[in-house]
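Have a look at this prediction, sequence included:
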Amino acid sequence: MVTGIKIGPLTLNFYGLLIMLGVILAAVLSTYEAKRKKQNPEIILDSLTWIVLGGVIGARLWHIFTPPASMVAQGITTQYYLTHPLAAIAIWRGGLGIPGAVAGGALVFYLYAKRRGLKFGLWADIFAPGLALGQSIGRWGNFINQEVYGSPTDLPWAIRIDPQHRLPEFVAYETYHPLFLYESIFNFLNMVFLLWISRKFEDKLKNGDVFLTYLVSYPVFRFFMEFLRLDNSFVGGINANQTLMIVIAVAALGALIWRHRKDAAPREIAVEKPDTAMAAEDDEKN
């Protein structure tokens, strides 16, 4: 399978191109959501570079500290990455963990929002549907790299994995569950769901509720998908991804229930002012 486009000495990997396409479309959707909520869309573009950088670093760190079992068997462990810096930054070969990407991007934007005096919960809601859309598109990079596939199957939609990409104990099997496809479809539907609840229950939602809903829906789905995945990441004998997913889902669900208990304070309605870089007067108001 062709994995990139060669332009002279330069190779454009489809994996990276698909991730960037996901980022761009996520930004477009987030811009639309910002306008709908009467927020300044310039904040999306102003913060995007930092969010992407934080997301990539977080995603790579998650992979480095929780390498899948197949890589550990080959000697590519956390220690290996720490002593081979060039391998640690070779993200074009794959190895980006979604949990780290979300955590890294969210942390960077939290710091950005705090510095700019923005309401993090409000903007997290704006970004949430776009985040799901970006994941839906980015997962196709796993198809290009022939990774993130599940147990062997002969279902009509099974995908063929080349011998060099199969786990040693499954080398005799040709077709597998396309986990990347399952997740891509789910994330697209999750985007639609988040957009729907943000409109249907707009008068009842508090700032941050849509993002918390994402932190319930995606982790629950991912938790069950881990049962089909062959190449899990284990830390101390525990499936790191699966364990983290259920912890996040339970915590986010608990937060939603607590925020909407009967004696909770009324929903705060806030409208962010235009970008501080656009006018000094608006800067003072923000």
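Arrived safely. Residues are numbered from 1 along each chain as shown.

contacts and neighbour counts: CA atoms only from here.
Noted.

would residue 6 count as being in a strand?
Yes. Under DSSP: H, G, I helix; E, B strand; the rest coil, residue 6 sits within a strand.

wait, isn't it in contact with residue 12?
Yes. The criterion here is C-alpha atoms under 8 Å, and residue 6 meets it with residue 12 at 6.3 Å.

neighbour-wise, which of those two wins?
residue 12 (13 against 10; other C-alpha atoms under 10 Å).

Looks to me like the more buried one is in a strand.
Yes. Under three-state DSSP, residue 12 falls within a strand.

For it, give me the pLDDT.
pLDDT for residue 12: 76.

Surely it and residue 5 touch.
Yes. Under the criterion of C-alpha under 8 Å, residue 12 makes contact with residue 5 at 5.0 Å.

tell me how far the ends of stretch 139-148 are from each other?
Distance across stretch 139-148, first residue to last, is 9 Å (C-alpha to C-alpha, to the nearest Å).

residue contacts, residue 123?
Residues in contact with residue 123 (C-alpha atoms under 8 Å, 6 or more residues apart in numbering) are residue 208.

meant to ask about residue 178, not that
148-150, 157-159.

Out of the residues you listed, the closest to residue 81 would be?
residue 148 (20.5 Å; C-alpha to C-alpha).

State the distance from that closest one to residue 155.
Relative to residue 155, and taking C-alpha to C-alpha, residue 148 is found at 17 Å.

Please identify which of those two sits among more neighbours.
residue 148 (20 against 10).

so residue 211, which of the three states?
Of the three states, residue 211 takes helix under three-state DSSP.

That one: neighbouring residues, count only.
Residue 211: 22 surrounding residues under other C-alpha under 10 Å.

ok, and the closest non-adjacent residue to it?
Sequence neighbours aside, residue 125 is the residue nearest to residue 211 in space, at 5.0 Å (criterion: C-alpha to C-alpha, 6 or more residues apart in numbering).

What helix or strand is the one you found located in?
Assigned by DSSP states H and E, residue 125 belongs to helix 120-138.

Next: residue 33.
If you go by DSSP H and E, residue 33 is part of helix 14-36.

counting contacts, what elements does that helix pack onto?
With contacts defined as 3 or more C-alpha pairs under 8 Å, 6 or more residues apart in numbering; DSSP states H and E, helix 14-36 has these neighbours: strand 4-7, helix 42-65, helix 120-138, helix 140-144.

Cool, thanks, signing off.
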